[in-house]
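Trainee: Give me the fold of what follows.
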Amino acid sequence: MRFFRKNTVSIKKVEKEDTFQYFIDYNHHKEPDVLWSDILTAFTEEKRCLLVIDTDRLYDRSSPNMENKINMLTNNLVLRQIPWHQIVTKKESDLTILGLKIQNQPKRICYQVGVAVIPEKIKELLELVRDYTVFIFVYEGNFSNEMLIEQFIGAKGELDELSAGALITLYNDRFLNRLVISSHPDKAGLIDETLAGLI
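Mentor: Have a look, this model is predicted:
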């Protein structure tokens, strides 16, 4: 494990047997939005990627306004002609203590939105999702917008399955301004080089 700090951005690199992970804290960067945009642009240049929002992973997932918030997002995606698909599920919200169910809660509705990232519309898309925690799956090969959406549908929005087929996975927490980049070990050099040019 290596840890270093540069320009108010801290990076921790963790090496595992089958994956490398980079934990990047840019909360104290003077322009966090610009840095996140630059990082995403650099990693998606000449590659295709899928952006996924999973409301079950959001801090305000139980907000009564979540449906309106998601509707506003998808309406804006339609207006900007950015391909997307939505999966809606109901999940258990039972209250438990020490593994024992003590109260039945109404099932909560969870939304997953998969968006095909169009390179020339990255800045528009980032503006739309600036308040969301997002997952980015970068794929190698000639993926059309339709194929990216089919990938999302075929995986039923399952993040682990989407990550398994991706070249690089990025998880960006917009509340804390923290980013996690995961990849196969043979791509670590590419990530090191890309980050060195940005941070």
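Trainee: got the contact list for the residue sitting nearest the centre point of the chain?
Mentor: For the chain, the residue nearest the mean C-alpha position is residue 135 (1.2 Å; C-alpha atoms, centre = their mean). By C-beta atoms under 8 Å, 6 or more residues apart in numbering, the contact list for residue 135 reads 51, 52, 53, 54, 159, 162, 163, 169, 170, 171. For glycine as for every other residue, the C-beta is placed from the backbone atoms N, C-alpha and C.
Trainee: Quickly find the element holding it.
Mentor: strand 134-139 (DSSP states H and E).
Trainee: average model confidence for that strand?
Mentor: For strand 134-139, the mean pLDDT works out to 95.
Trainee: mind listing what that strand pairs with, with the direction of each?
Mentor: strand 48-54 (antiparallel), strand 168-173 (antiparallel) (DSSP bridges).
Trainee: To residue 67, which of these lies closest?
Mentor: Distance to residue 67, taken as C-beta to C-beta, is lowest for strand 48-54 among the strands paired with strand 134-139, at 13.4 Å.
Trainee: quick one: average confidence on that closest one?
Mentor: Strand 48-54 comes out at a mean pLDDT of 95.
Trainee: try stretch 90-102
Mentor: For stretch 90-102, mean pLDDT rounds to 58.
Trainee: contact partners of the next helix or strand after the strand holding residue 135?
Mentor: The helix or strand immediately downstream of strand 134-139 is helix 145-154, counting by DSSP H and E. With contact meaning C-beta under 8 Å, 6+ apart, helix 145-154 is reached by 48-50, 52, 83-85, 87, 114, 116-118, 139, 143, 162, 165.
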